[in-house]
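Chemist: Got a sequence here, can you model it:
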Amino acid sequence: MKSLPVLLSCLLLIATVQADGTRLWQQTKYEDFEKGTAQGVALSSDGVLSLAPSFNALYTSASAYIWDIASDVDGNVYAAAGSPARVYRIAPDGKGTVIFAPQELLVQALAIGSNGILYAATSPDGKIYKIERNAHAAAKSQDAAKSDAVVDPNYSASVFFDPKTKYIWALALDPHSNLYAATGDRGEIFRVEPSGSGALFFKSDEAQIRLLQFDKAGNLIAGSDGSGLIYRITPKGEGFVLYSATKKEITALAVDSQGNIFAAGAGDKRGGVAQAGTLSGTNPVAAPTTIIIQPSQNVSPNTPPGINPVPFPTNVNIGGSEVYRIAPDGSPKMIWSSKDDVVYALAFDTAGRLIAGTGNQGKLYAIGDGDYIDLTKASANQVTAFARAPKGGLYVATSNLGKVFVLGAETVTEGTYESDVFDAKIFSKWGRPEVRGNGNYELFARSGNVDNPDRDWSPWKKIDLKQAQPVEAPSARFLQWKVVLHASTPAAHVERVAVNYLPKNVAPEVDEVTVQAGARVPSTTHTGNTNAEGISFESPIATVPDKHSIAVRWKAHDANDDELSYSIYYRGEGETQWKKLDEGLSDRYADLDADLFPDGSYTIRVLATDQPSHSPSEALTGERTSDRFEVDNTPPSVDITSDRIEGNTLRLAFRASDSFSPIKRAEYSIDAQDWQTAEPVGQISDYKVESYDVIVPMPVPDRKEGSMTEHTVVVRVYDRFDNVGVAKVVINTATSEH
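Modeler: Residues are numbered from 1 along each chain as shown. Just a heads-up that it's a prediction; the model follows:
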């Protein structure tokens, strides 16, 4: 197991890899290795690759689901299946036969006694059947005889007990051959004596009792669906809630030799949560979990004849799973959780490790206290049940498709792990790999220029790690490594693989240059940001109005992620040479002093260089020129050419002219009253020189007849750049008698 300092140093190394020169592609965490493909290789939660237990397919059934399995002393495994409903007998050599084919929708649960008698529970409208070999071969049950399946004639089946309930979810046998049945939709557990006489043993206020196990003291441990309760029920039928899980359904149970109870929960609760305590009364129960089997439209090309895979019939595949441990003193602890995997089965291997079977990726985990190992993956969607196999192994049942595998007690002698494909983004040269591991292992690598390794990549090349050889793969954009672990002493394992590489330097690109006269960039502007994943990106650069400034902004990128610096140049219209304005800029903007630019047309050129990340001889540059922009700092001139009084009106003529840009608009005001718009002769204002001839009503005089009245007329004119020219005239008028 990796120490904390080692992990911290690995993370620090990743964070401090620079963009310039040699780079490092490193994989050392579970999240890194999980993206690859393992064959016979297990992955621990702290990021260690090691040899996995052997895992081999034993039997592929004609049913889509296998819900439960049980094994006998001779190593035969019996599988309870659905779609179609069957019980299969599978010998240790993988040969299988159908020994029971009822008319019900599925066979949900199995239990096998010490005398070899097999009990099978069906759903819906559940019944418990007794399946025997040879004893009553000629007297098959009427229900079984209706099936079209070819049933082994050496087995007979008859109804053993009918609880008159909809679902039978689980079966368990005590040392005295009494059979216990967990049912729904009334949340009842029945006890059935060897004679077939049965009665209600325990009544819950939950809708479904889903699982049954016995502890060391002979108490029955049960798990429910609804409030996610785990019960301990004494031989007298007295129930006590040991734990109310945070999930709604208990999907798996296992009890170890020390008396620890392990349980898996799945599905989000709705409404209140039941509290631990002694059970009493018979409260109304919730609606049952409904099983719906629908035909699938997508059939795998590897599907054996007669199999029609369908969606897994459960409503607990949302929200992931949790695994809890309840100590012998009753104290609970959550020891594992997943957002993606749902645990459907729990068991112990010969080493005492807790093994979890999950969906919907068919993974098997060995779960410890806060850590875990991703052991292997079945070629089916859900791992649903376990049973003891010969030589210390475990039989493993799956659904979608209905198969049986054998998980061995020993590790394989050789395992292979292929990394995820690494994208260097650009053409790169591969350097020396760095591997941290132990035991007997080999490292290989290959490269290509498409993201699919099956499309004409280079062949795998072994790397001589003892000689510190570089990766013998052609320079390319994509790279993949493979490690082969061999059985050895000490045991082979790998916990870090890193590859040095040198991307071909690519010139930076300036994507856009924007120039805005009469604006500037605020001094608090930041041009780079980092998102939640730690990836940097360019944020928009805002501006504020400023008559005396010119804001220059640009966007640039570098395929190597090199650090860039910028220089800016300008050139006036009609000029042939660029003049440098500034250099060595790290920001993506610059503010220019507009007063230093005479009226005229200009362009700006921005040059980007990756020299901060390279030596001067290897540095590359890219550039872009802005669109043409204009600078106009000179206000228009205004000449009042005529003013005369005509009765009670003023006729005012004036002329506006600008040396660079057209006149935008003109206004006048009399005696500091509101500004009024003056239209040019011809109405359209689109020339550098415009003439105006306006007739203005004069204000009504407030003095006595014969007195003189003085009026101040102000004219202001704007050019296209909002430069303002102003003129004034004072007019004296004599009032007349009305």
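
Chemist: Tell me the strands beside the longest strand anywhere in the chain, with direction?
Modeler: When the chain is parsed with DSSP state E, its longest strand is strand 422-438. With DSSP bridges as the test, strand 422-438 is paired with strand 476-486 (antiparallel), strand 493-503 (antiparallel).

Chemist: need the ones you listed in a markdown table with distance to Lys35 and mean pLDDT, can you?
Modeler: In this view, the C-beta of every residue, glycine as well, is placed from N, C-alpha and C. Formatted as a markdown table, these follow (distance: least, CB to CB, whole Å; pLDDT from 0 to 100):
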| stretch | distance to Lys35 | mean pLDDT |
| --- | --- | --- |
| strand 476-486 | 11 | 97 |
| strand 493-503 | 13 | 96 |
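
Chemist: quick revisit: residues of the longest strand of the chain that come out buried?
Modeler: Residues of strand 422-438 classed as buried: Phe422, Ala424, Ser428, Lys429, Trp430, Pro433, Val435, Gly437 (neighbour count, 16 or more other CB atoms under 10 Å).

Chemist: Helix or strand next in line after it, which one?
Modeler: Beyond strand 422-438 in the direction of the C-terminus, DSSP states H and E gives the next helix or strand as strand 441-448.

Chemist: Packing partners of that following strand?
Modeler: On a contact count with 3 or more CB pairs under 8 Å, 6 or more residues apart in numbering; DSSP states H and E, strand 441-448 meets strand 422-438, strand 461-463, strand 476-486, strand 493-503.

Chemist: quick check, Gly75 in a strand?
Modeler: No: the assignment for Gly75 (DSSP: H, G, I helix; E, B strand; the rest coil) gives coil, which keeps it out of a strand.

Chemist: Give me the neighbour count for the spatially closest residue to Phe33 that is not a sequence neighbour.
Modeler: Leaving out its chain neighbours, the residue that sits closest to Phe33 by CB to CB, 6 or more residues apart in numbering is Leu43, at 5.2 Å. Other residues near Leu43 come to 22 when the count uses other CB atoms under 10 Å.

Chemist: list the contacts for Leu43?
Modeler: By CB atoms under 8 Å, 6 or more residues apart in numbering, Leu43 lies in contact with Tyr30, Phe33, Glu34, Leu49, Ile373, Asp374.

Chemist: Against Tyr372, how distant is it?
Modeler: Leu43 sits at a distance of 10 Å from Tyr372 (criterion: CB to CB, to the nearest Å).

Chemist: same deal with Val77?
Modeler: Counting by CB to CB, the gap from Val77 to Tyr372 is 26 Å.

Chemist: on that earlier part again, tabulate the strands paired with strand 422-438 (CSV), appending mean neighbour count.
Modeler: Listed next are the strands paired with strand 422-438 as CSV, based on neighbours: other CB atoms under 10 Å:
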stretch, mean neighbour count
strand 476-486, 21
strand 493-503, 21
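
Chemist: right, so of those strands, which gets closest to Asp451?
Modeler: strand 476-486 (6.0 Å; CB to CB).

Chemist: between the closest one and strand 441-448, how many degrees?
Modeler: Interaxial angle of strand 476-486 relative to strand 441-448 (axes from the mean of the first three to the mean of the last three CA atoms, to 10 degrees): 160 degrees.

Chemist: Can I get strand 476-486 in PDB, CA atoms only?
Modeler: Taking Å, rounded to 0.1, in the frame of the first residue of the first chain, the C-alpha atoms of strand 476-486 are listed here in PDB:
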ATOM      1  CA  ALA A 476       3.200  10.300 -33.000                       C
ATOM      2  CA  ARG A 477       0.300  12.000 -31.200                       C
ATOM      3  CA  PHE A 478      -1.100   9.000 -29.300                       C
ATOM      4  CA  LEU A 479       0.600   6.600 -26.900                       C
ATOM      5  CA  GLN A 480      -0.500   3.500 -25.000                       C
ATOM      6  CA  TRP A 481       1.400   1.200 -22.600                       C
ATOM      7  CA  LYS A 482       0.800  -2.300 -21.500                       C
ATOM      8  CA  VAL A 483       2.200  -4.100 -18.400                       C
ATOM      9  CA  VAL A 484       2.300  -7.900 -18.100                       C
ATOM     10  CA  LEU A 485       2.400  -9.300 -14.600                       C
ATOM     11  CA  HIS A 486       3.900 -12.800 -13.900                       C
END
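
Chemist: Look at Val77 and Tyr372 and report which has more neighbours.
Modeler: Val77 (28 against 22).

Chemist: pretty sure the more buried one is touching Ala387, no?
Modeler: Yes: here Val77 reaches Ala387: they are 5.7 Å apart, a contact under CB atoms under 8 Å.

Chemist: Spit out the residues that contact the two alike.
Modeler: What both Val77 and Ala387 touch, as defined by CB under 8 Å, 6+ apart, is the set Ile69, Ala70, Ser71, Tyr395.

Chemist: Where helices are concerned, which of these count?
Modeler: Assigned to helices by DSSP state H, none of the shared contacts of Val77 and Ala387 qualify.

Chemist: Among those residues, which are located in strands?
Modeler: Of those, the ones assigned to strands by DSSP E are Ile69, Ala70, Ser71, Tyr395.
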